[in-house]
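S.K.: Predicted model and sequence follow; I will ask about them next.
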Amino acid sequence: MKSPELRRENVPELSTEQMIEVDRAMIEDYGIELIQMMENAGRALATLARDQFLGEGRKGKRVTVLAGRGGNGGGAIVAARRLATWGFDVHVSLARDPNTFSGVPAQQLAILQAMGVKLQTSIPEKSNSDVVLDGIIGYSLSGAPKGRAADLIRWANAQSAPVVSLDAPSGVDATNATAYDPSIRATATLTLALPKAGLNHPQVGSLYLADISVPPELYARFLGLTVGPIFSDGDILKLN
Ligand SMILES: NC(=O)C1=CN([C@@H]2O[C@H](COP(=O)(O)OP(=O)(O)OC[C@H]3O[C@@H](n4cnc5c(N)ncnc54)[C@H](O)[C@@H]3O)[C@@H](O)[C@H]2O)[C@@H](O)CC1
Ligand SMILES: [K+]
């Protein structure tokens, strides 16, 4: 299935600071809660993985989801839930122990646990995934990935399966495009709302943009940016 396309020069790029302001305004000024945005982000990631990377004969195909405990991991956990309900063989590896999760990501994780989706807190033991989803770290990356997050990144980079990153490849700075060691070398990246300035990097792979329901007038009101109704042709756009 082909995604509608959008030329990159026709949309502004955001810094992490600007994206944090978008998230704040969504919640505080429009009452669009984080859980609503995360549902949209996760469903879009699951849809992109299914339509672009899992192909025909999907029954029994294996999806490995790597998730941190922040908003990025929360979105990936939603994607894991959706793919599991669609019949895929979903395995989730967490960068942090479940008892360290809080807020909305903890709520999303609890749903996954209630569903009995396979969950572990170590690097995946198998290398036969059909697709790997990277929700380890998003725009709140601080310095070179450490600990289990770094182990999961190295594991993902060693796989032959396509790796699809949520928002930014984990370990790549979404604002200044610094690719730390280690950092994900993505086949594709699905970024949210508007492209981030740091996604001009070869490790991003093909860049897609997902609608998380930001009203275009928010960009004018809070960032002074003009953005049209860019998602009128679909929830997921391919940026060229
Ligand atoms: N409106 C939006 O833009 C939305 C954003 N969401 C996602 O939320 C992300 C931002 O969420 P958060 O601010 O919670 O943070 P992130 O999920 O980007 O990252 C925070 C986590 O990464 C870990 N981390 C950061 N640097 C690390 C390092 N060097 N080594 C090891 N671990 C490290 C932190 O310990 C923490 O667990 C976005 O990138 C996006 O993917 C979506 O979930 C929902 C909607
Ligand atoms: K990521």
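M.R.: Done, it's in. Ligands and ions are numbered 1, 2, ... in the order given.
S.K.: where exactly do the strands run in this protein?
M.R.: 5-6, 62-67, 89-94, 118-120, 131-135, 163-166, 188-192, 206-210, 236-239 (DSSP state E).
S.K.: Make JSON lines from these and add mean pLDDT, mean neighbour count and distance to R43 to it.
M.R.: Using the backbone N, CA and C atoms, a C-beta is placed for each residue, glycine as well. Conversion of those to JSON lines gives the following (pLDDT from 0 to 100; neighbours: other Cβ atoms under 10 Å; distance: least, Cβ to Cβ, whole Å):
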{"stretch": "strand 5-6", "mean pLDDT": "96", "mean neighbour count": "16", "distance to R43": "19"}
{"stretch": "strand 62-67", "mean pLDDT": "98", "mean neighbour count": "28", "distance to R43": "14"}
{"stretch": "strand 89-94", "mean pLDDT": "98", "mean neighbour count": "23", "distance to R43": "14"}
{"stretch": "strand 118-120", "mean pLDDT": "96", "mean neighbour count": "15", "distance to R43": "20"}
{"stretch": "strand 131-135", "mean pLDDT": "98", "mean neighbour count": "30", "distance to R43": "13"}
{"stretch": "strand 163-166", "mean pLDDT": "98", "mean neighbour count": "31", "distance to R43": "12"}
{"stretch": "strand 188-192", "mean pLDDT": "98", "mean neighbour count": "26", "distance to R43": "11"}
{"stretch": "strand 206-210", "mean pLDDT": "98", "mean neighbour count": "22", "distance to R43": "9"}
{"stretch": "strand 236-239", "mean pLDDT": "98", "mean neighbour count": "19", "distance to R43": "10"}
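S.K.: Adding distance to A110, write the ones you listed out as CSV.
M.R.: CSV is the format used below for the strands of the chain (distance: least, Cβ to Cβ, whole Å):
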stretch, distance to A110
strand 5-6, 36
strand 62-67, 13
strand 89-94, 13
strand 118-120, 11
strand 131-135, 16
strand 163-166, 20
strand 188-192, 23
strand 206-210, 24
strand 236-239, 27
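S.K.: What separation do you get for the residue nearest in space to the middle of the chain and E217?
M.R.: A centroid search over the chain (Cα atoms, centre = their mean) returns L166, at 1.7 Å, as the residue closest to the centre. According to Cβ to Cβ, to the nearest Å, L166 and E217 sit 26 Å apart.
S.K.: got the residues of the protein near ligand 2?
M.R.: N72, D134, S165, L166, S170 (Cβ under 5 Å from the ion).
S.K.: can you narrow those residues to ones near ligand 1?
M.R.: Among these, the residues lying close to ligand 1 (Cβ under 6 Å from any ligand atom) are N72, L166.
S.K.: now, among the residues of the chain next to ligand 2, which is nearest to D235?
M.R.: L166 (14.6 Å; Cβ to Cβ).
S.K.: beta partners for that closest one?
M.R.: L190 (DSSP bridges).
S.K.: quick one: contacts for it?
M.R.: 41, 45, 72, 75-76, 79, 133-135, 138, 189-190, 192 (Cβ atoms under 8 Å, 6 or more residues apart in numbering).
S.K.: L190 now?
M.R.: L190 touches A44, L45, L48, V164, S165, L166, D167, Y208, L209, A210, I236, counting by Cβ under 8 Å, 6+ apart.
S.K.: Dump the residues you listed to JSON lines, plus distance to I230.
M.R.: Shown next, in JSON lines, are these (distance: Cβ to Cβ, whole Å):
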{"residue": "A44", "distance to I230": "14"}
{"residue": "L45", "distance to I230": "18"}
{"residue": "L48", "distance to I230": "17"}
{"residue": "V164", "distance to I230": "21"}
{"residue": "S165", "distance to I230": "21"}
{"residue": "L166", "distance to I230": "19"}
{"residue": "D167", "distance to I230": "17"}
{"residue": "Y208", "distance to I230": "13"}
{"residue": "L209", "distance to I230": "8"}
{"residue": "A210", "distance to I230": "11"}
{"residue": "I236", "distance to I230": "11"}
